[in-house]
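Enquirer: Structure for the following, please:
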Amino acid sequence: MRGLRALVAAMLICLATAGCGEPDPFPDDSTMARIRERGVLTVGTKFDQPMFGYKDPVSGRITGFDAEIARLIAKDLTGSERNIRFVETVSRERENFITQGLVDLVVATYSITPARARLVSFTDPYYYAGQDLLVRAGDMTINQVSDLKGKTVCTAKGSTSVERLRSTVPEADLEIVDAYSICVPALVSGRVDAISTDDTILLGLLAQHPDTLRMLGKPFGREPYGIGIRKQDAAFRDYLNGLIARWLRDGQWDRAFMATIGVTGTTSASSRPANR
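Expert: The predicted structure follows:
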């Protein structure tokens, strides 16, 4: 009886991964094969951005669109979305975590830029965001980005938002911090006048303070988000690009969106990459 139980367990493991008796589709020296053999995908993501990457203080579960994208990858590689380990990765550490091998990949509102692409490789965009502004609900002095002249704006170190603000409104005073969660109490207390980053990140912050803050809804830049991996890992990049294309075709992308960002009432029209 004990032997039968062991055989059944072995068969279930086979079926959950590559399949019993079937050759592994990945080369032995590939990142995909190493992750599959290990049985766990290690992912760098944010822990303080509702709707994208947020650690629930009660359950400890990581929620949000980026987390769901990571779980889809884990399911494809290991057979279960539970075979995943999330590592908190703030904006300024994303390249370091990839190049040092601390994570297999980074899914963390990671805008694709030429400067970053010199250090890491990116997949095709899996999401498009627009930079916007979050201000106090009662502050009517800021209604567009040009109104930031002479104002103090909070944003995150290592983000593309910093350079866009500097080029768009050089007269604004920037307060650059490690995480956007630091910006929220500063804005509520009046120590800064606005928070600027991608609109989807701002939506998550707004959802926590709906009566205190407001978002302008006037994006002044478009950001393509990609999954970051080690430089020159073409096989892993091509594999992930294939997954993104499949999710866009079979509805998995839409289901992940509706379960996370979509709960705010935001539509996916401007955020969804084109089908390939």
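
Enquirer: for the top helix by length along the chain, packing partners?
Expert: Under DSSP state H, the helix in the chain containing the largest number of residues is helix 234-250. Helix 234-250 is packed against helix 31-38, helix 65-78, strand 121-122, strand 228-229, helix 252-259, with contacts defined by 3 or more C-beta pairs under 8 Å, 6 or more residues apart in numbering; DSSP states H and E. The C-beta positions use only the backbone N, C-alpha and C, and glycine is treated the same way.

Enquirer: what's the angle from the longest one to helix 252-259?
Expert: Here helix 65-78 runs at an angle of 140 degrees relative to helix 252-259 (axes from the mean of the first three to the mean of the last three C-alpha atoms, to 10 degrees).

Enquirer: what separates the helix or strand following helix 65-78 from the chain centre, distance-wise?
Expert: Proceeding N to C from helix 65-78, the next assigned helix or strand is strand 84-88, under DSSP states H and E. Relative to the centre of its chain, strand 84-88 is centred 12 Å away, using C-alpha atoms, centre = their mean, to the nearest Å.

Enquirer: which of the residues in the helix or strand just after strand 84-88 are buried?
Expert: Next in sequence after strand 84-88, counting helices and strands by DSSP H and E, comes helix 94-99. Residues of helix 94-99 classed as buried: 94, 95, 97, 98 (neighbour count, 16 or more other C-beta atoms under 10 Å).

Enquirer: tell me the mean pLDDT for the longest helix of the chain?
Expert: Helix 234-250 shows a mean pLDDT of 98.

Enquirer: That helix: which residues count as buried?
Expert: Within helix 234-250, the residues that count as buried by 16+ other C-beta under 10 Å are 236, 237, 239, 240, 241, 243, 244, 245, 247, 248.

Enquirer: Test my guess that the last one contacts residue 257.
Expert: No. Taking contacts as C-beta atoms under 8 Å, residue 248 lies outside contact range of residue 257: 10.7 Å.

Enquirer: Quick check: neighbours shared by the two?
Expert: residue 272 (C-beta atoms under 8 Å, 6 or more residues apart in numbering).

Enquirer: Would you map out the domains in this protein?
Expert: Per automatic domain parsing, the structural domains of the chain span 26-126+226-264, 129-223.

Enquirer: Any stretches of this structure with poor pLDDT?
Expert: The chain contains residues with pLDDT under 70 at 1-24, 276.
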